[in-house]
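Novice: turn this into a structure:
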Amino acid sequence: MTIELAYCTWGLSGPDNDVLDRIAEQRIAWIDIRPGDFLHHASRRRMHELGLRISCMGLSFGFPAHTALDNADRSERLTCVRTAEAAILRADRLDIPTVYVVPGKDGSDEGLARYAESLTRIADHAADFDIRLCIEHFPGTALPAIAATLAFLRQVGHPNLYLLLDIGHAQMSHEDLPAAIADAGPLIGYVHLDDNDGQGDLHLALYDGILTEPALRATFDALRRAGYSGRASLELHPDLPDPLDALRRSQAAALAALE
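Specialist: So this is what the prediction gives:
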């Protein structure tokens, strides 16, 4: 099974074409974007010239402030749903195969039911365009760990809902990644690579936190055994002291661990 590296473009700051050029210089072929990124035709032309393809879009980045997919106010939920549906139309135009959302904050049965209702509508819409919808497990939300997110996915049972596996978040929830990956199996729809101190969502370069080379190799081995053959995207913080150096070092670490 082949796993290719991608890079979340929000890890670099600057004019669109400068960001794209710096990514292409690292010979990374796949990028992740947010709904409002690279809207100008010149940016999309530059992507094409550089041979950059978009692997994933983070829908939650585009949600209006103070709205959520689990909001008790139905009109607020629908605002989020419609925003996601509009972003999926853009993802279709850009041939993006995967999109994702983060969980809401309401972990009550009612809150999770509202979240499931919203997700079902978005997943149906995404399926119409053959786009996969993932949920990213996220500490501090209603689905803080891989295990809880998998339980939720299985309870909802929608054929177009998957897990976005984030190794940094798994460090914060203290989960055994190979075991969690084996449990998830075909429900894994995308992967984020980042590091931290085991407490904060720092999005450090790989091996700048508690992540070790044996742990990263074990994660990739587990992904292959689970049949995953998509992209693993480096998601690094734009406020790191040297974001480009963090990208270079993380790319080298990930490529070595993939060997």
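Novice: number of residues surrounding residue 110?
Specialist: 10 (other CB atoms under 10 Å). For the C-beta atoms, the positions are set from N, CA and C on the backbone; glycine is no exception.
Novice: phi and psi next, for it.
Specialist: phi -70, psi -40 (degrees, to the nearest 10).
Novice: cool, and residue 134?
Specialist: The phi/psi pair for residue 134 (degrees, to the nearest 10) is phi -120, psi 160.
Novice: that one reaches residue 190, doesn't it?
Specialist: Yes - applying CB atoms under 8 Å as the test, residue 134 and residue 190 come out as touching, 5.1 Å apart.
Novice: which residues do these two both contact?
Specialist: Residues touching both residue 134 and residue 190 by CB atoms under 8 Å, 6 or more residues apart in numbering: 98, 100, 162, 164.
Novice: could you look up the SS state of the third one?
Specialist: For residue 162, the secondary-structure state derived from DSSP: H, G, I helix; E, B strand; the rest coil is strand.
Novice: most neighbours out of the shared contacts of residue 134 and residue 190, which is it?
Specialist: residue 164 (26 neighbours).
Novice: tell me how far the residue nearest to residue 112 when sequence neighbours are not counted lies from residue 72.
Specialist: Using CB to CB, 6 or more residues apart in numbering and skipping the chain neighbours, the partner closest in space to residue 112 is residue 142 (6.1 Å). Between residue 142 and residue 72 the distance is 13 Å, computed by CB to CB, to the nearest Å.
Novice: what number of residues lie near residue 207?
Specialist: Neighbours around residue 207, by other CB under 10 Å: 17.
Novice: do I have it right that it meets residue 252?
Specialist: No - Residue 207 lies out of contact with residue 252 (CB under 8 Å); the separation is 9.9 Å.
Novice: hmm, back to that, any chance of a markdown table for the shared contacts of residue 134 and residue 190, columns pLDDT and distance to residue 257?
Specialist: What follows is the shared contacts of residue 134 and residue 190, written out as a markdown table (pLDDT from 0 to 100; distance: CB to CB, whole Å):
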| residue | pLDDT | distance to residue 257 |
| --- | --- | --- |
| 98 | 98 | 22 |
| 100 | 98 | 23 |
| 162 | 98 | 23 |
| 164 | 98 | 19 |
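Novice: would you mark the buried spots in stretch 160-180?
Specialist: Buried residues in stretch 160-180, defined by neighbour count with 16 or more other CB atoms under 10 Å: 160-173, 175, 177-178, 180.
Novice: so of these, which ones are in helices?
Specialist: 167-172, 177-178, 180 (DSSP state H).
Novice: nearest to residue 81 among those?
Specialist: Of all these, residue 81 sits closest to residue 169, with 24.4 Å by CB to CB.
Novice: what's the pLDDT at that closest one?
Specialist: Residue 169 is assigned 98 on the pLDDT scale.
Novice: wait, it sits on residue 138?
Specialist: Yes - the criterion here is CB under 8 Å, and residue 169 meets it with residue 138 at 6.1 Å.
Novice: now the common contact residues for these two.
Specialist: In contact with both residue 169 and residue 138: no residue, using CB under 8 Å, 6+ apart.
Novice: with adjacent residues omitted, what lies nearest to residue 145?
Specialist: Computed as CB to CB, 6+ apart, the closest residue to residue 145 that is not its neighbour in sequence is residue 173, at 4.0 Å.
Novice: which ones are touching the one you found?
Specialist: Residue 173 neighbours (CB under 8 Å, 6+ apart): 137, 139, 144-146.
Novice: leaving out sequence neighbours, find the closest residue to residue 121.
Specialist: Going by CB to CB, 6+ apart, residue 121 has residue 81 as its nearest residue, at 5.5 Å.
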